[in-house]
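In: Predicted structure and sequence below. I'll ask about it afterward.
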Amino acid sequence: MPLNIPNTLTWARIALIPIFVGVFYLPDSLLSVPHKNLIATTLFAAAAVTDWFDGFLARALGQTSAFGAFLDPVADKLMVAAALILLVQLARVDAIVAVVIIGREITISALREWMARVGKSASVAVAYVGKLKTAAQMLAIPLLLYDAPVQSIDAGTLGSVLIYIAAALTLWSMGYYLQRAIPLLTADQGR
């Protein structure tokens, strides 16, 4: 496991998860709900920034590695899953939305792993619809965590709209990836 700046940032993102979750378990007498929301939003935003930054640094410093390519999406999925589960518990996201998004991530990760094993990983490379899904999701989650007005914008309402858009794009992107993989899956069945 190469320990370099990009991988250290990825590990830091993973280390933030228990802190991020733990904020909501502090007593309200110690930290008010609005402060919990603000801290969780800040931690999630910091994780999102390190996600972009570690990839940028890996390429810029020539420190890309197979381990980093494996760990980075795992860290992303763990943080998103933790956030969605918290938001369900806080009644800010419907459970079905969390199940759709988390279920898609597990399904596509397994599909990508299988495709890599059969030498066809390029067939399930990240598509534009997947990038749109990620953008909607990464905008929605901090808004739902913050859950308070920002200027004249109701962050909770905007976040709710965006998370439903993200869920729809999640289903669309999963369909896209499965459509790309079905010919390979059926060909593999014939062997």
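Out: Here it is on my side, so go on. Numbering: from 1, shown residues only.

In: Domain-wise, how is the chain divided?
Out: As assigned by automatic domain parsing, the chain contains the domains 1-91, 93-191.

In: Out of those, which gets the lowest mean score?
Out: Between those, the one with the least mean pLDDT is domain 93-191; it has a mean of 86.

In: For the domains of the chain, give me TSV that also has mean neighbour count.
Out: Every C-beta, even on glycine, is put in place using the N, C-alpha and C of the backbone. TSV is the format used below for those (neighbours: other Cβ atoms under 10 Å):
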stretch	mean neighbour count
domain 1-91	16
domain 93-191	16
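
In: Would you state the strands of the chain in chain order?
Out: Chain-ordered strands for the chain, with DSSP state E as the definition, fall at 149-150, 153-154.

In: Can you tell me the strand partners of the last one and which way each runs?
Out: This points to strand 153-154. strand 149-150 (antiparallel) (DSSP bridges).

In: How far away from the center of its chain is the strand it pairs with?
Out: Put simply, strand 149-150 sits 24 Å off its chain's centre (Cα atoms, centre = their mean, to the nearest Å).

In: what does that strand rub up against?
Out: Contact with strand 149-150 is made by residue 155, as judged by Cβ atoms under 8 Å, 6 or more residues apart in numbering.

In: got the strands of the chain as JSON lines, with distance to residue 133 columns?
Out: Listed next are the strands of the chain as JSON lines, based on distance: least, Cβ to Cβ, whole Å:
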{"stretch": "strand 149-150", "distance to residue 133": "23"}
{"stretch": "strand 153-154", "distance to residue 133": "22"}
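
In: and of those, who's closest to residue 91?
Out: strand 153-154 (16.0 Å; Cβ to Cβ).

In: any idea how far that closest one is from the chain center?
Out: Per Cα atoms, centre = their mean, the centroid offset for strand 153-154 relative to its chain is 23 Å.

In: max-length helix in this protein?
Out: Counting by DSSP state H, the longest helix found in the chain is helix 155-189.

In: That helix - contacts with which helices or strands?
Out: helix 95-117, helix 128-146 (3 or more Cβ pairs under 8 Å, 6 or more residues apart in numbering; DSSP states H and E).

In: try 10 Å
Out: Packing contacts for helix 155-189, counted by 3 or more Cβ pairs under 10 Å, 6 or more residues apart in numbering; DSSP states H and E, involve helix 33-60, helix 66-89, helix 95-117, helix 128-146, strand 149-150.

In: Save those as JSON lines, and put in distance to residue 178 too.
Out: Converted to JSON lines, the helices and strands packed on helix 155-189 look like this (distance: least, Cβ to Cβ, whole Å):
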{"stretch": "helix 33-60", "distance to residue 178": "25"}
{"stretch": "helix 66-89", "distance to residue 178": "18"}
{"stretch": "helix 95-117", "distance to residue 178": "7"}
{"stretch": "helix 128-146", "distance to residue 178": "12"}
{"stretch": "strand 149-150", "distance to residue 178": "37"}
